[in-house]
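Q: here you go, sequence then predicted model.
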Amino acid sequence: MCPPSHRIEQSMKNMAAPMDTTTPHGPETPMDITGVTIVHDPIKGKCLHATRSFKEGEVIFREKPIVSCQFLWNAMYKYTACDHCMRSMEPAEAMSRRLANSPSLVLPFPQCCAVKLEQHVTCPHCQVLYCSESCRQEGWNKYHRVLCLGPSVNDPEHPINKLAETWRNIHYPPETASITMIARMIAMVKQAADRDSLLQTFAGFCQATTNQEEHMSHKLLGAEFQDQLELLRGLLTEALYEESLDQWFTPDGFRSIFAMIGRNGQGIGTSSLSVYVHNCDALELPSQDREKLDAFINQLYVDMEHESGSFLNCEGSGLYILQSCCNHSCEPTAEPSFDESNYVLSMRALRDITEGEELFICYLDECERTRSRHSRQKLLRENYLFSCTCEKCTREAEDPDVTSSEEEEDEGDGESDEQ
């Protein structure tokens, strides 16, 4: 069974930074990429290797995405995040009240909430939210000048609004990709001073829609989705066609961009409540007060999960250059986290890593990686177009080809929903 959300949160806070109530919001975090190098392997393609040793729990590198966005359904359900860096903007107490359906709930130690409402700004034309003026300016300079809807923000007939609404009607939660990402990529190219350089960066991500050698196709590009993809392609063309990107708007080109996001996109999760919990952890309290606070927080997560399910974060996706070079293993040596509560990815060592060692992450989530070899292989073939040959899968090669009980339950639920 999947662990409850509050237990996931508990494990996340072990990676948190100390409480910070002075650093301004915005994309000012210095990137540290000096500890890794990209290696080109003739069989595996791009790999990421450590250029020095790292201890378990140490940050190996930090990086910002080339492009990122919040999921559309996530935003519709009032998970308020900065439109640029995805920082959670809802105060921790307000988020707790909403998710636990408890309007009178009061969080102790309010100083542990890091949300700075006084720094929040909006686009003066369309009222899109940003956590800081620096994020607003960076978004405007990179892509928002093209995507800003101005007075048409609530016009259902505007091509961009039609595109978003169609996506929501096609792709229900939990979301794993977003048409908004493609729209933002197109807008970035339209606004770029050096289009060729940006296009080369995008081209560096894997875009194959099929694995011909193993006869695999990405699950989002199956025959059953062709009508939906064609509808999205037509709406995207109407909204944002750009002659210099003509190939992206062809059926094959659109499928390739879609596959690129599906195969390379890294999920992003931010939460002002998570930051609050992290900062509460850093408080020096008498043992009795610590036990009382921990019990309060644990019960809060139980209540939120009961009312709102397991989706407690502001969620989205991003394309990261270094992270996308990490190959998969069902026994990963590193794991991405978002402990700054924005889109900055921190890759942390799950064990001691030696200089020159290749870094492996797990493309499956915490629940999926505990499933049987057969189920893991099925997920990897459908989503990433390869059969895993990691040490764990090799050890389990003789195991029966049985489906994990969780997957059987999911399939059963799907069958019952269709009836």
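A: Yep, that arrived.

Q: tell me what the lengthiest helix in the chain is packed against?
A: If you go by DSSP state H, the chain has its longest helix at helix 287-308. Helices and strands in packing contact with helix 287-308 are listed as helix 5-12, helix 92-100, helix 272-281; criterion 3 or more C-beta pairs under 8 Å, 6 or more residues apart in numbering; DSSP states H and E. In this view, the C-beta of every residue, glycine as well, is placed from N, C-alpha and C.

Q: of those, which is nearest residue 76?
A: Nearest to residue 76 among the helices and strands packed on helix 287-308 is helix 92-100 (13.8 Å), distances taken as C-beta to C-beta.

Q: where along the stretch 301-419 of the chain do the strands fall?
A: When assigned using DSSP state E, counting those that start in this stretch, the strands of the stretch 301-419 of the chain occupy the ranges 314-319, 327-328, 334-337, 345-349, 360-361.

Q: what's the least confident stretch among the ones you listed?
A: In terms of mean pLDDT, the lowest-scoring of the strands of the stretch 301-419 of the chain is strand 327-328 (a mean of 90).

Q: where does pLDDT dip in the stretch 301-419 of the chain?
A: Counting by pLDDT under 70, the stretch 301-419 of the chain shows low-confidence ranges at 401-419.

Q: hmm, 80 instead?
A: Along the stretch 301-419 of the chain, segments meeting pLDDT under 80 span 383-385, 399-419.

Q: assign residue 231 to helix, strand or coil.
A: helix (DSSP: H, G, I helix; E, B strand; the rest coil).

Q: let me see the contact set for it.
A: Taking C-beta atoms under 8 Å, 6 or more residues apart in numbering as the contact definition, residue 231 lies against 166, 170.

Q: check residue 247 too.
A: By C-beta under 8 Å, 6+ apart, the residues touching residue 247 are residue 253.

Q: SS state for it?
A: Applying three-state DSSP to residue 247 yields a three-state assignment of helix.

Q: can you tell me how far it is from residue 268?
A: When C-beta to C-beta, to the nearest Å is applied, the distance between residue 247 and residue 268 equals 28 Å.

Q: do residue 382 as well
A: Counting by C-beta to C-beta - residue 382 and residue 268 are separated by 22 Å.

Q: which of those two has more residues huddled nearby?
A: Neighbour comparison, residue 382 and residue 268: the larger count goes to residue 268, with 26 against 15 (by other C-beta atoms under 10 Å).

Q: you'd agree the more buried one is up against residue 346?
A: No. Residue 268 is not in contact with residue 346 according to C-beta atoms under 8 Å; the separation is 11.8 Å.

Q: residues shared between the contacts of those two?
A: Shared contacts of residue 268 and residue 346 (C-beta under 8 Å, 6+ apart): residue 338.

Q: pick the most buried one from the strands of the stretch 301-419 of the chain.
A: The highest mean neighbour count among the strands of the stretch 301-419 of the chain, using mean count of other C-beta atoms under 10 Å, belongs to strand 314-319: a mean of 25.

Q: which other residues reach that one?
A: With contact meaning C-beta under 8 Å, 6+ apart, strand 314-319 is reached by 65-71, 74, 79-81, 86, 88, 175-178, 181, 202, 205, 260-261, 264-271, 343, 345.

Q: give me that answer again for 6 Å
A: The list of residues contacting strand 314-319 from outside it, by C-beta atoms under 6 Å, 6 or more residues apart in numbering, reads 65-71, 74, 79, 81, 86, 88, 264-270, 343.

Q: quick one: work out the angle between that strand and helix 272-281.
A: Using axes from the mean of the first three to the mean of the last three C-alpha atoms, to 10 degrees, the direction of strand 314-319 lies 100 degrees away from that of helix 272-281.

Q: off-centre distance for strand 314-319?
A: Between the mean C-alpha point of strand 314-319 and the mean C-alpha point of its chain there is a distance of 3 Å (C-alpha atoms, centre = their mean, to the nearest Å).

Q: what's the angle from it to strand 345-349?
A: Relative orientation of strand 314-319 versus strand 345-349 (the same axes, to 10 degrees): 80 degrees.

Q: neighbouring strands - and their directions - for strand 314-319?
A: Each strand that strand 314-319 pairs with, and the sense of that pairing, follows from DSSP bridges: strand 67-70 (antiparallel), strand 266-270 (antiparallel).

Q: I'd like the average pLDDT over the first one.
A: Translated: strand 67-70. For strand 67-70, the mean confidence score works out to 96.

Q: tell me the bridge partners for the most centrally placed residue in the chain.
A: Among the residues of the chain, residue 267 comes closest to the average C-alpha position under C-alpha atoms, centre = their mean, at 1.7 Å. Each beta-bridge partner of residue 267 is listed here: residue 317, as defined by DSSP bridges.

Q: how far away is it from residue 49?
A: Taking C-beta to C-beta as the measure, residue 267 falls 24 Å from residue 49.

Q: can you list contacts of stretch 75-84?
A: The set of residues external to stretch 75-84 that reach it, using C-beta under 6 Å, 6+ apart, is 70, 88, 89, 90, 128, 129, 130, 131, 135, 138, 139, 314.

Q: which one of those sits closest to residue 148?
A: Nearest to residue 148 out of the contacts of stretch 75-84 is residue 128 (C-beta to C-beta; 7.6 Å).

Q: how far away is that closest one from residue 159?
A: The spacing between residue 128 and residue 159, counted by C-beta to C-beta, is 17 Å.

Q: these two: who's more crowded?
A: When residue 128 is set against residue 159 and neighbours are counted by other C-beta under 10 Å, the residue ahead is residue 128, at 20 against 17.

Q: contacting residues around that one?
A: The neighbourhood of residue 128, defined by C-beta under 6 Å, 6+ apart, consists of residue 83.

Q: wait, a helix at residue 49?
A: No. With three-state DSSP as the criterion, residue 49 is located in strand rather than a helix.

Q: just the pLDDT at it, thanks.
A: Reading off the confidence values, residue 49 has pLDDT 96.

Q: does it touch residue 40 like I think?
A: No. With contact defined as C-beta atoms under 6 Å, residue 49 does not count as touching residue 40 (10.9 Å).

Q: all strands of the stretch 1-150 of the chain, in order?
A: Counting by DSSP E, counting those that start in this stretch, the segments of the stretch 1-150 of the chain that form strands are 36-41, 45-50, 59-63, 67-70, 121-122, 129-130.
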